[in-house]
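**Student:** no FASTA, just this:
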């Protein structure tokens with residue numbers, strides 16, 4: 001199992017239930033792919049450094065997880081097609 005960290009930004013205009021559902025969806029994708037979420041940090045709504053899709057604020061979520069090497073590709077694919085996630089980044093924490 002490899003250690004990864006994902007940071008994704010959701011549209012700040014979403015309802016709290018939609019934000020929670022998206023966080024839950026990402027956790028389910030990781031669990032269904034054979035991984036485990038080790039830590040979830042939600043800094044919340046913050047001002048973006050520059051406008052993304054004409055939005056000035058975003059809802060930040062950071063998760064650390066362990067997963068097989070093929071899971072990040074599937075997670076990346078699923079977040080790209082999501083309308084609620086405006087940006088995401090997956091980092092391999094084991095690489096030096």
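**Tutor:** Everything's here; your move. Here the structure is a predicted model, which means the values were calculated and not measured. Numbering: from 1, shown residues only.
**Student:** which helix is the longest one in this protein?
**Tutor:** helix 16-32 (DSSP state H).
**Student:** in the chain, which spans are strands?
**Tutor:** 2-11, 36-52, 55-67, 85-92 (DSSP state E).
**Student:** Make CSV out of those strands and add distance to residue 76.
**Tutor:** Bear in mind the C-beta positions are built from the backbone N, C-alpha and C, glycine included. As requested, these are arranged in CSV below (distance: least, C-beta to C-beta, whole Å):
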stretch, distance to residue 76
strand 2-11, 9
strand 36-52, 16
strand 55-67, 12
strand 85-92, 6
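**Student:** number of nearby residues for residue 65?
**Tutor:** 27 (other C-beta atoms under 10 Å).
**Student:** need the contact list for it.
**Tutor:** 3-6, 30, 35-38 (C-beta atoms under 8 Å, 6 or more residues apart in numbering).
**Student:** count of neighbours near the residue nearest to residue 33 when sequence neighbours are not counted?
**Tutor:** Closest residue in space to residue 33, ignoring its immediate chain neighbours: residue 71 at 4.0 Å, by C-beta to C-beta, 6 or more residues apart in numbering. Residues lying near residue 71 (other C-beta under 10 Å) number 21.
**Student:** got it, and the one 5 residues further on?
**Tutor:** Burial of residue 76, expressed as a neighbour count using other C-beta under 10 Å, amounts to 13.
**Student:** Any buried residues in the longest helix of the chain, and which?
**Tutor:** Residues of helix 16-32 classed as buried by neighbour count (16 or more other C-beta atoms under 10 Å): 19, 22-23, 26-27, 29-30.
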